[in-house]
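1. Need coordinates for the below:
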Amino acid sequence: MHYKYVSGFATLVCLLMGLTASQDQPAEEEQCQSAMPNLMSVEYEIHGNVQGVFFRAYTEEQASRLGLVGWVRNTRRGTVEGVVQGQRELVQQMKHWLEFTGSPMSWIERATFRNEKDISKLDFDRFKISY
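-> Next up is the predicted model:
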């Protein structure tokens, strides 16, 4: 059987679900394509007391726990910013965490989200702290 490359995570999901994208069977390919996760990307900036309180480390841990990819970094403005990508429902959970939870010693004044969009593939292979 010949397999057509769909994309990393989506292919794994399709294979785990027992769906294959075969050149000989286009109906299965359509089934596999519809089974791919609904991916999205969003940029964020968190305002408040978020530097020097392990906010980036907790963000990396939470995003990794949820299976999300992207990055987080401190800014010269005293905020924390980044990008998070993954399945829509999990990104929404991460947005809520960024806005209302954060690290135990942080105080979140507000969170801003922008450039929220659907994506067909992930731009990163993991979530990391950027410097």
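
2. Just want the most central residue of the protein.
-> residue 85 (2.4 Å; Cα atoms, centre = their mean).

3. residue contacts, that residue?
-> 39-42, 68-70, 91, 119, 122-124 (Cβ atoms under 8 Å, 6 or more residues apart in numbering). For the C-beta atoms, the positions are set from N, CA and C on the backbone; glycine is no exception.

4. what about the protein, any weak spots by pLDDT?
-> 1-37 (pLDDT under 70).

5. Please enumerate the strands of it.
-> 39-49, 69-74, 80-87, 107-118, 127-129 (DSSP state E).

6. for the ones you listed, which one ends up most surrounded?
-> strand 80-87 (a mean of 22; mean count of other Cβ atoms under 10 Å).

7. What distance do you get for the nearest residue to residue 86 once chain neighbours are set aside to residue 112?
-> Counting by Cβ to Cβ, 6 or more residues apart in numbering, residue 86 lies nearest to residue 68, which is 3.9 Å off, once chain neighbours are set aside. Distance check for residue 68 against residue 112: by Cβ to Cβ, to the nearest Å, it reads 18 Å.

8. Repeat that for residue 50.
-> 13 Å.

9. go on, residue 97?
-> In terms of Cβ to Cβ, residue 97 sits 15 Å off from residue 112.

10. and what of residue 54?
-> For residue 54, the distance to residue 112 - Cβ to Cβ - is 21 Å.

11. do the same with residue 65
-> Taking Cβ to Cβ, one finds residue 65 at 23 Å from residue 112.

12. how far away is residue 128 from residue 61?
-> In terms of Cβ to Cβ, residue 128 sits 12 Å off from residue 61.

13. what's the answer for residue 117, then?
-> 25 Å.

14. again with residue 127
-> Applying Cβ to Cβ to residue 127 and residue 61 gives a distance of 9 Å.
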